[in-house]
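Novice: Any chance you could fold what I've pasted below:
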Amino acid sequence: MIDSYATLHTWASPGTEGTLWEEAPLHTAPQAHTPQQPEAPQAQHGSYSGGDPRIGWIAAVDSLSATAPVLLQRRDGILPAVAAALSIRGETLTCTGSKGERAPTHHPLVQDFLDTLTTERRSRQTGRCPEAVLLSRYLTAAEVARADKRRRPAKSSRTGRGTVGKGSRTPKAPKPLTLGEARRALKQAKLTARRIREDGDPLHGSYAPPCRSCGALLAHFGVRAVDPARESAP
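Specialist: Okay, here's the model as predicted:
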C-alpha cells in the first residue's frame, strides 16, 4: 500500500544515476485510532497520592479540624534550661546555662575553684551553670575597669592636663584580681535562678536552687542565693 504523496522512480544510465519523484494521487491510509487515556482523578485534600504525604497539607491547615501537634516526647535541645540574674549595687546581669559543645571560659579565680572541687561536690553540669557564667562575667568586667582606671594619665595640679612620663611605654597587661579583691567587688551581691520549661510544664518560672557545685562557688565568693518567693513572703 502506498501511503506517500509521490512515487519514487529510480533510473540508471551510463555514468549517471538519479531519482525522479512523480506526483501521484494522495491516498491517505486510515490512521489507527489511539484511545485517550482517562484523566486520573484529582487527589482529594488530605489524602496520599503516589506516596507523597505532602499533598493536602495546605488544605489540612485551613480545615477547622487542624490542631497543634501533640507533644509526645520531650526534645533534647534548648529546653529545659535555667536562667539566672546577678544583682549588685543597682546593676543586674542575666544569662542562661551553657549547652554548647565546648565548656565556657571562666575567670581564673572561678576556674581555679571549680578545679579544686572534690567528687562529692561535683555534678554533671559543673561549670556550665549560669551562676558560674555570671560570676566570671562580672569579675572579668571589674578587672578590665580597674585596669582602664589605672591607665588614665594623672592630671597636673598646675595645668590640669594629663602628665606623661618620659618616653612612651607599652601598657602592661591588667593585673589580675586577688581573691580578696574579688570578694570585695561582689560584696552584697544576690543571685536568683529560675527554670525555663516548655508550654504547659508546671515547673516553668519556678525557683531553681544552686547545684552542689554552684552552692559552694557562691559561698566561696560571698554571693547570696535568693528565692524570690521567700523574700517577698511576710
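Novice: Next, the distance between the ends of stretch 85-95.
Specialist: Separation of the first and last residues of stretch 85-95 by Cα to Cα, to the nearest Å is 7 Å.
Novice: Mean confidence (pLDDT) on it, please.
Specialist: Model confidence over stretch 85-95, given as mean pLDDT, is 93.
Novice: Which strands and helices lie in contact with the longest helix along the chain?
Specialist: Looking across the chain with DSSP state H, the single longest helix is helix 130-151. Helices and strands in packing contact with helix 130-151 are listed as strand 81-88, strand 91-96, helix 108-115, helix 179-185, strand 190-196, helix 212-221; criterion 3 or more Cβ pairs under 8 Å, 6 or more residues apart in numbering; DSSP states H and E. To be clear about C-beta, it is placed using only N, CA and C from the backbone, and glycine gets the same treatment.
Novice: If we go by neighbour counts, what in it is buried?
Specialist: For helix 130-151, a neighbour-count test (16 or more other Cβ atoms under 10 Å) marks 130-140, 142-143 as buried.
Novice: just to revisit the earlier point, of all the helices and strands packed on helix 130-151, which lies closest to residue 228?
Specialist: Each of these was scored for nearness to residue 228 using Cβ to Cβ, and the closest is strand 190-196 (5.9 Å).
Novice: Please export the C-alpha coordinates of that closest one as PDB.
Specialist: Taking Å, rounded to 0.1, in the frame of the first residue of the first chain, the C-alpha atoms of strand 190-196 are listed here in PDB:
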ATOM      1  CA  LYS A 190      22.500  38.500  95.300                       C
ATOM      2  CA  LEU A 191      21.700  35.800  92.700                       C
ATOM      3  CA  THR A 192      18.500  34.100  91.800                       C
ATOM      4  CA  ALA A 193      17.700  31.500  89.200                       C
ATOM      5  CA  ARG A 194      14.500  30.200  87.500                       C
ATOM      6  CA  ARG A 195      13.600  27.200  85.500                       C
ATOM      7  CA  ILE A 196      12.600  27.600  81.800                       C
END
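Novice: That one: which residues count as buried?
Specialist: Of the residues in strand 190-196, those with enough neighbours to count as buried (16+ other Cβ under 10 Å) are 191, 192, 193, 194, 195, 196.
Novice: Out of these, the closest to residue 115 would be?
Specialist: Checking the buried residues of strand 190-196 against residue 115 by Cβ to Cβ gives residue 191 as the nearest, at 21.3 Å.
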